[in-house]
Each structure stands twice: as structure tokens, then as C-alpha cells.
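In: here is a sequence with its predicted model. Questions after.
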Amino acid sequence: MAHLAGVRPLSADRMPLIGPVPTIEGVYLAAGHGTKGIHLAPVTAEIVAAMVVRLEVQERHRPFLPARFLPVEAAVRPLPAQDPWRE
């Protein structure tokens, strides 16, 4: 019999966070897999790579997008074309 102890990274809805961070251009998440992270790493890497290279999200991957935790108004609002902090 084995016992495990420690904190496992899980999101609030217990689904992984895979995809672009809506408020930070060029930043992607691949986290929150809980105890299955090592097992899901290869497929997660394929999903993120496809998102980065093709700059699109397949419909079947939408449930994992980090944007699901944003208020609806923020999720549909487009990001500014230029970072206001960089001049």
C-alpha cells in the first residue's frame, strides 16, 4: 500500500488550463493536470504547439482554455493591438 502527500495543481473546475492567457499576448498555459500531468504531458504539448504555430484553437480544446475563468465581458473583449505600457 502506498500513500501520497502534497499539493496537486488543479484548477477550480478540476480541468487543465491549456491555451493562451487572454490578457498577456504570447503567453500560454499548460497546467492544472493534477495527478495526471506526467501522463498527459505529450498530448498537452501537441495541443499547445498547434495553438502557437497555427494561432488557432480547435473546437474540441475550447473547454480547456484559461479564458473560461474570465467574466463574459472580458472574454469577448478584444485585446489591445498595442501594449499601452510600451512606447
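Out: Nice, thanks for sending it over. Residues are numbered from 1 along each chain as shown.

In: quick one: the residue most central in space within the chain and residue 71, what's the gap?
Out: Central residue of the chain (CA atoms, centre = their mean): residue 18, 2.7 Å from the mean position. Counting by CB to CB, to the nearest Å, the gap from residue 18 to residue 71 is 20 Å. C-beta coordinates here come from the backbone N, C-alpha and C atoms, glycine included.

In: quick one: what helix or strand has the residue nearest to the centre of the chain in it?
Out: strand 17-20 (DSSP states H and E).

In: same question for that strand, mean pLDDT?
Out: Taken as a whole, strand 17-20 has a mean pLDDT of 94.

In: which residues are contacting the longest helix seen in the chain?
Out: Secondary structure assigned by DSSP state H gives helix 37-54 as the longest helix of the chain. Residues from elsewhere that reach helix 37-54 (CB atoms under 8 Å, 6 or more residues apart in numbering): 9, 16, 18-20, 28, 30, 33, 57-58, 61, 64.

In: among those, name the buried ones.
Out: 16, 18-20, 28, 30, 33, 57, 64 (16 or more other CB atoms under 10 Å).

In: give me the pLDDT value at residue 38.
Out: 88.

In: scratch that, residue 54 is what I was asking about
Out: For residue 54, pLDDT reads 87.
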